[in-house]
Each structure stands twice: as structure tokens, then as C-alpha cells.
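What shape does this take:
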Amino acid sequence: MSKFTHSVKVPTQYKVTAKILKTAIEKQKSIKSLIFEEKHARVRSLQAVLKHYSDNRGVIDSAIEETGLLKENPNLDAALAKVLVTELIFGRGQLNGESRPVQTVRSFKDRLQTAIKGARFEKKEPNPRYVRINTNLFSLADALEYLASDNWRRKELDAEISYTDFLAAVRTLEEDEFIVDLNVEGVLIFHHTTRNYWACHDLVYSKKFILQNKATCLAAELLAPPPGATVLDMCAAPGMKTLHLCNVMKNTGRIYAVEQARDRYKALCDITGEAGCQIVTPTLADVLTIGQEQCPDVEYILVDPSCSGNGMQGRMSVCDEQKDDKRLFKLAGLQIKILCHAMKSFPKVKRIVYCTCSLWKEENEQVVQRCLQLNPSFKLLNGKKALRNKWQNVGDKEYPKIGKNCLYCLPDHDLTDGIFLAMFEKINDDDQN
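Model (predicted):
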């Protein structure tokens, strides 16, 4: 007789998580979108298990293979096995219920742990936690005073520190230390273990502190609109960069923030309202229909269009990401259309920053190259110089006069999300003659 009880059902949460994982693997679908389609599931629990699997996918799959879990139990669903092993070894450390799949995986626990220990698996240490001060509501002095009173230690840096030494200082942060960022004013850097601490902090809930990856802060830093300027944020939701622009401008001037999707537009309105933005005008529209008439006197434009997003470190990946040339071609077409619209439709524009959270050249250097060909009244500025040469990663040198002027933020090197940035300036009539 079998020692397993066949009539006991697998807990719904495990089944739902396995279904999501199987769909994501087989159909190359986004895990986040699949999670949110499960209206009745406990979303936080789903995310936790799938994030653990995403972070440890290689060693989990290898351990399942090495222990013969699926070979010895051919009726055990592969996706369910991955979910149960993840929860048992990397999650809560225990499994609920007495269903046959649960009992089977439990019986393999010792073998799975041995296989994982012997895999010489070195888990990548997460990048640090970035916290940006929302100067609409809180000053740098206020923030530093608060942190000192809460027993955080500021790691002091030499005023002339090199970028290499700065990165070394970030990598060696202690858990109770923080650093004021070298490149972006108002960005504080904490040890990665403080991630959940800050996510639940009152200063974050009150929007005095903003949880924003440093790489995405570089867009407003490079655009650098002065107080009193008129700015257009062309693809503005969810509004983090819009808020940062407002901070750079000291909440004076005007920002037109355009978003086409209604739900994202609501998020844009919410964050800019809660964060004390007095100069932001949210607009629900297709940005390609917006011009000088709707947004007069625009001088500075941020173009942050839809992209493949393969540079984002927070994404949960459950399979090796394949380059989708057809999708990249469509995305690049839209990106070129939006950037060209920015260059042609606003006669008073002085500077444009184009950024993506992609590391594909089709969305980056090639888009920049094509837009410069179509718009000879613009030139590319040197992003590295704009950061006082305290940066290292630039674009591909195979694109003459383009690559060296663009910036890349690379996750393993810069300890940020993967971001591409290019900065354009309108050539005045005297320069053209």
C-alpha cells in the first residue's frame, strides 16, 4: 500500500502559484501581470514564492534534477515541484497540508538541501536600497538630522573621491550606515538589508522619502531644468521622475505630465498630489497628439517611453530571456516617433533627455542615431561630462559620435537598475550658420 494519502487536495495557493509559473515559462508571459490576474489569491504570498524562485532558479532546477525528484515521481507536476521546493528550501521552510505532492517533496528535503549545498551556488548580493528625499516636503538637513537621531551613521566621503572609490564605499556599507550619493543630489544609499525597513517606514508613507532607484534619478539630473522653467514629461506615469523634476525645479515653474493609460494616469495624479507638487499639470492624452497649443512654451522635455524593460532588476524572471526582434522593432518604431515628436513640435525646446530601462541597442543607440538623422537641428551632449566625469559606462563605440556621449547604468557595475540615457540640445541659428 502507498504511504501517501491520495484524497487530500493540494492547497489552493500552491496550485495557483504553480499555474502562474507554468504559464510564465511556457508562454513567456510577465509574472507580475499573471499574479494580478489572480483576483482571489493572496498576492503577497504568490509574489514571495515566485521571487524566491526567480532569484534561485538555477540552483533549484539543478537540485530537482540531481535528486531525481521528478524522475522518481513522474506524476508530479514540474511547475508544482518547483514551487514546493522553493517554499521548503528558500521560503517558509515548511509546507502546508498532507497532499501527495507535499509529502513527496517533504520526503526529499534532506537530499535537496545536500544538492543545493554541494552546488557551489553563490547567490548574487542585492544592490543597495536607494532613498530619495522629496524636497517639496523635507530638506536634506531635515533628513540628516532625523537619521542621526535614529542612530544611523553617515559614511563620510572625500569631496574629490573617484567614482571607482565611491562604488567601493557603497559595496562596503555596514547595515547601520548610509552614504549621500555622489551623482544625484538628495539620494541616500543604504545597505540592501534595509529594503523592507524603508518600504514600511512612516517617512515613505508620508512621501517625505521616495523609494527610487538611483539610475532613474539620472534623467532629471541630466535634464536639469532650472526653477521657473516649463517642462514636458511625455510618458509620465507612475510619476517618480515627474516628482523628481519638481524637486529639481524647487517646485516653481510648470510641468506638463502626460499619460495615456487611465489607471496609470490616476497613479500619476495620486503621487504628485500626495508629494506636494504644486507645479504639475497631469494630462490624460496620447502624447503624440500633444503640441505647442496644449503645452505652450515648453523648454525642457523628458522622453521615457515604453520599452522592453530588460534592465530592471526588480523583475521576476523564470526563464532565460530571449531577444524578441519583432517586439524590439515595434518598440523602437514607437520610441523614434515619440522622440521625433518632441524634437519637432515644441519650437522653444532647449534640451531633451531620452531614457529607457532597456539594455538593447535597438531601443537605445539606434533610436538616438535615427532621430539625429531625422532632426539635424539637434545635437547630442556628453552625459559623462554632465556628471563631472564621475561615471564610467557609456554607449557602444560602434556608433560614432553617439556611443561615447550616451550613458548606461549597468546593474553589476553601477549597483543600480539597467538604464540608458541620452541628452540632446537644440542647435541655435548661430551654431547652424
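
Can you verify Val10 is assigned to a strand?
No: membership of Val10 in a strand is not supported by DSSP: H, G, I helix; E, B strand; the rest coil, which gives coil.

How about the contacts made by the closest residue to it other than its chain neighbours?
With Cβ to Cβ, 6 or more residues apart in numbering as the criterion, Val10 has its nearest non-adjacent residue at 4.5 Å, and that residue is Ser99. Any C-beta I mention is one placed from the backbone N, CA and C, and that applies to glycine too. Shown in contact with Ser99 (Cβ atoms under 8 Å, 6 or more residues apart in numbering): Thr5, Val8, Lys9, Val10, Pro11.

What's the separation between Ser99 and Leu84?
Shown here: Ser99 relative to Leu84, a distance of 10 Å by Cβ to Cβ, to the nearest Å.

Tell me the gap between the lengthiest helix in the chain and the middle of its chain.
Scanning the chain for the longest helix, with DSSP state H as the assignment, gives helix 43-67. Averaged C-alpha coordinates place helix 43-67 at 21 Å from its chain's average position (Cα atoms, centre = their mean, to the nearest Å).

can you check stretch 241-256 too?
The gap between the average C-alpha position of stretch 241-256 and the chain average comes to 21 Å, counting by Cα atoms, centre = their mean.

And stretch 219-237, by the same measure?
Worked out by Cα atoms, centre = their mean, stretch 219-237 lies 19 Å from the chain centre.

just stretch 396-413 next, same as before
A distance of 19 Å separates the centroid of the chain from that of stretch 396-413, by Cα atoms, centre = their mean.

Would you map the helices across the stretch 51-200 of the chain?
Shown for the stretch 51-200 of the chain, the helices assigned by DSSP state H, counting those that start in this stretch span residues 69-72, 78-89, 100-107, 109-117, 140-149, 163-171, 195-199.

Neighbours of Phe209, how many?
Phe209 is surrounded by 21 other residues when neighbours are defined as other Cβ atoms under 10 Å.

please begin residue numbering at 434 from this point
Let's use 434 as the start, then, which means that last one is Phe642.

From Ala574, how far out is the residue lying closest to it once chain neighbours are set aside?
Setting aside the residues directly before and after it, Phe642 is nearest to Leu636 in space (Cβ to Cβ, 6+ apart), at 4.2 Å. The span separating Leu636 from Ala574 equals 15 Å under the rule Cβ to Cβ.

between the two, which one's more packed in?
The residue with more neighbours, out of Leu636 and Ala574 and counting by other Cβ under 10 Å, is Leu636; that gives 20 against 9.

and the more buried one, that's in a helix?
Yes: Leu636: assigned to a helix according to three-state DSSP.

Surely it touches Tyr630?
No: judged on Cβ atoms under 8 Å, Leu636 makes no contact with Tyr630 at a distance of 11.1 Å.

shared neighbours of those two, anything?
Counting by Cβ under 8 Å, 6+ apart, Leu636 and Tyr630 have no contacts in common.

List the buried residues of stretch 829-839.
Using 16 or more other Cβ atoms under 10 Å as the test for burial, stretch 829-839 gives Tyr832, Ile835, Gly836, Asn838, Cys839.

got a list of what the second one touches?
Right, the one you point to is Ile835. So, once contact is read as Cβ under 8 Å, 6+ apart, Ile835 ends up touching Glu798, Val801, Gln802, Leu805, Leu813, Gly828, Ala855.

Going by distance to Gln645, which of these wins?
Within the contacts of Ile835, the smallest distance to Gln645 is 20.3 Å, found for Ala855 (Cβ to Cβ).

Can you pull the phi and psi angles for the closest one?
phi -140, psi 140 (degrees, to the nearest 10).

Poorly predicted segments of this structure, please.
434-440, 461-463, 465-466, 468-477, 552-557, 747-755, 862-866 (pLDDT under 70).

secondary structure class for the residue nearest to the spatial centre of the chain?
The structure's the chain has its C-alpha centroid closest to Met745; by Cα atoms, centre = their mean the separation is 4.1 Å. Taking three-state DSSP as the rule, one finds Met745 in the coil state.

sorry, back to before: now do the longest helix of the chain and helix 533-540, the angle between them.
Computed by axes from the mean of the first three to the mean of the last three Cα atoms, to 10 degrees, the angle separating helix 476-500 from helix 533-540 equals 60 degrees.

elements contacting helix 476-500?
Where contact means 3 or more Cβ pairs under 8 Å, 6 or more residues apart in numbering; DSSP states H and E, helix 476-500 is packed against helix 445-460, helix 464-470, helix 511-522, helix 542-550.

residues near Asp543, how many?
10.

returning to that earlier point: show me which of the contacts of Ile835 are buried.
Buried subset of those (neighbour count, 16+ other Cβ under 10 Å): Glu798, Val801, Gln802, Leu805, Leu813, Gly828, Ala855.

Need the max-distance pair from those residues.
When the buried ones among the contacts of Ile835 are compared pair by pair using Cβ to Cβ, the farthest-apart members prove to be Leu805 and Gly828, with a separation of 12.9 Å.

residues in contact with Gln645?
For Gln645, the set of contacting residues under the criterion of Cβ under 8 Å, 6+ apart consists of Tyr563, Val564, Arg565, Val620, Met673, His677.

mind checking how far it is from Leu721?
Remark: distance between Gln645 and Leu721 (Cβ to Cβ) = 27 Å.

who touches the nearest residue to Arg760 once chain neighbours are set aside in this structure?
In space, not counting the residues next to it along the chain, Arg760 is nearest to Ser741; the distance is 6.8 Å by Cβ to Cβ, 6+ apart. Each residue near Ser741 by Cβ under 8 Å, 6+ apart is listed here: Asp757, Arg760, Leu761, Leu764, Ser791, Trp793, Glu796.
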